[in-house]
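*Asks:* 3D model of this:
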Amino acid sequence: MKKPVKPEKLKRGDCVGVVAPAGCVEPKQLERGIRVIEKMGLKPILGKYVCSRHRYFAGTDRERSEDLMAMFKDERIKGIFCARGGYGADRVIPHLKLAIIRKNPKIFVGSSD
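*Replies:* Numbers count the residues shown, from 1 in each chain. This is a model prediction of the structure:
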C-alpha cells in the first residue's frame, strides 16, 4: 500500500484554485465565496469552466475534470476550493489522472449539499 501524500499547509498570499466539479454556481454565491477566500489572505484563481453551464452541471464532465486537473498541474496553486459540491462530482472521476494528482498534492476543500 502506498503512503498517503500530505500537502503543505496554506499560508497568507498562497494562490488557490476555485472549481465547480458538480452543479452550476450562481454568480452571487461565487462572488461571496471569493470574498471569503480573499479575507483568509489567499489569492483565488478561477477555473476556466467554473461559471459554465451544461444542464444541471457546471460544464460537461470532461470540462469539469479539465478544470480540476489544470489546478493540480499549476505549480502556483497550493489548494483547491470547490465552489459547489453535490450531485455530479463523482462523474469527473473517470477523467482524472491520479498520477498527476499524486505528484502535485494540494489542500482540497469541498462540501456536499
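
*Asks:* all contacts plus neighbour counts: C-alpha atoms, from now on.
*Replies:* Fine.

*Asks:* Dead centre of this structure: give me the residue that sits there.
*Replies:* Nearest to the geometric centre of the chain sits V19, at 3.7 Å (Cα atoms, centre = their mean).

*Asks:* Pairing partners for it in the sheet, please.
*Replies:* In this entry, V19 is beta-bridged to C82, by DSSP bridges.

*Asks:* give me every residue that touches S65.
*Replies:* 21, 92-93, 95-96 (Cα atoms under 8 Å, 6 or more residues apart in numbering).

*Asks:* my guess is it is in a helix, correct?
*Replies:* Yes: under DSSP: H, G, I helix; E, B strand; the rest coil, S65 sits within a helix.

*Asks:* just the strands in this structure please.
*Replies:* 15-19, 43-46, 77-82, 107-109 (DSSP state E).

*Asks:* Now do the first one and strand 77-82, the angle between them.
*Replies:* With axes from the mean of the first three to the mean of the last three Cα atoms, to 10 degrees as the criterion, the two stretches strand 15-19 and strand 77-82 enclose an angle of 30 degrees.

*Asks:* tell me which strands and helices strand 15-19 is in contact with?
*Replies:* Helices and strands touching strand 15-19, by 3 or more Cα pairs under 8 Å, 6 or more residues apart in numbering; DSSP states H and E, are strand 43-46, helix 61-73, strand 77-82.

*Asks:* Now do that strand against helix 61-73, angle only.
*Replies:* 170 degrees.

*Asks:* ok, residues contacting strand 15-19?
*Replies:* The contact list for strand 15-19 (Cα under 8 Å, 6+ apart) reads 42-47, 49-50, 64, 67-68, 71, 76-83.

*Asks:* ok now it, how far from the chain's centre?
*Replies:* Distance of strand 15-19 from the chain centroid (Cα atoms, centre = their mean, to the nearest Å) equals 6 Å.
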